[in-house]
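Student: Sequence below, structure please.
(one chain, ligands or ions: 1)
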Amino acid sequence: MPYKNPEDKKKQMTRYYLEHKEERKVYAQNNKEKINKWRREYLASHPEKKQKYTKEIKEYRQRYEEEHREERKVMRAKRRKKLQTFVNEYKLSKGCSVCGYNEHAEALDFHHEGEKEFTIGQACNRTMSLKRIEKEMKECVVVCANCHRLLHTKRFLSI
Ligand SMILES: [Zn+2]
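Tutor: As a prediction, the model looks like this:
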């Protein structure tokens, strides 16, 4: 459509932009992979844009972290508590696999049979993903503190 003056064109473009905002959002949501691929390819062939983009993202993240410091702290604590509850419930549902003790989760440990990637306690503190923690838990046996110590002593003494 031809426009006599550039101001009209600008106005029309703004109007179009605002009118189709929702549609764009839906499109972006439905084509995430396509858009990400396109963005990756574009940035790979435009190193100077990539640099600018990376810098902007870094600055944005820093700013966000600074502005939401307290909020993030509360969120992390909440998440930590959620993970801890999840782990404790799992421990109690299993009980000690040697003597059957299942009264207090605090007195139940995870005994790693194979390779230990991380301890479950560390994972909760670092707010690792639930899926990863669950996977690691399933590779362990739950034992009470008492039996755990005996288990390691026996292994050490090879009784
Ligand atoms: Zn036990």
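Student: For the rest of this, base every contact and every neighbour count on C-alpha atoms.
Tutor: Noted.
Student: What about K52, how many residues nearby?
Tutor: Burial of K52 is recorded as 11 neighbouring residues (other CA atoms under 10 Å).
Student: what do you get for the one 3 residues further on?
Tutor: If you count neighbours by other CA under 10 Å, K55 ends up with 12.
Student: where does this structure dip in pLDDT?
Tutor: Per-residue confidence for the chain (pLDDT under 70) gives these ranges: 1-3, 115, 117, 156-159.
Student: longest helix in it, by residue count?
Tutor: Longest helix in the chain, counting residues (DSSP state H): helix 69-94.
Student: Now do the buried residues in it.
Tutor: Across helix 69-94, burial judged by 16 or more other CA atoms under 10 Å covers R79, R80, L83, Q84, V87, N88, Y90, K91, L92, K94.
Student: and which of those residues is nearest K32?
Tutor: R79 (27.4 Å; CA to CA).
Student: Give me the nearest residue to that closest one, chain neighbours excluded.
Tutor: Nearest residue to R79 in three dimensions, chain neighbours excluded: T127, at 6.7 Å (CA to CA, 6 or more residues apart in numbering).
Student: Could you give the secondary structure assignment for the one you found?
Tutor: Following DSSP: H, G, I helix; E, B strand; the rest coil, T127 is assigned to coil.
Student: Now do it: how many residues are near it, please.
Tutor: T127: 19 surrounding residues under other CA under 10 Å.
Student: what's it in contact with, if anything?
Tutor: R76, R79, R80, L83 (CA atoms under 8 Å, 6 or more residues apart in numbering).
Student: can you redo those residues as CSV with distance to the ion?
Tutor: Formatted as CSV, the contacts of T127 follow (distance: CA to the ion, whole Å):
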residue, distance to the ion
R76, 32
R79, 29
R80, 26
L83, 23
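Student: re earlier: which elements pack onto the longest helix of the chain?
Tutor: strand 108-112, helix 120-125 (3 or more CA pairs under 8 Å, 6 or more residues apart in numbering; DSSP states H and E).
Student: what does the longest one rub up against?
Tutor: It stands for helix 120-125. Contact with helix 120-125 is made by R80, L83, Q84, F110, I133, E136, M137, as judged by CA under 8 Å, 6+ apart.
Student: What values do phi and psi take at the most centrally placed residue in the chain?
Tutor: Taking CA atoms, centre = their mean as the criterion, S129 is the residue nearest the geometric centre of the chain, at 5.2 Å. Dihedral angles of S129 (phi, psi; degrees, to the nearest 10) stand at phi -70, psi 150.
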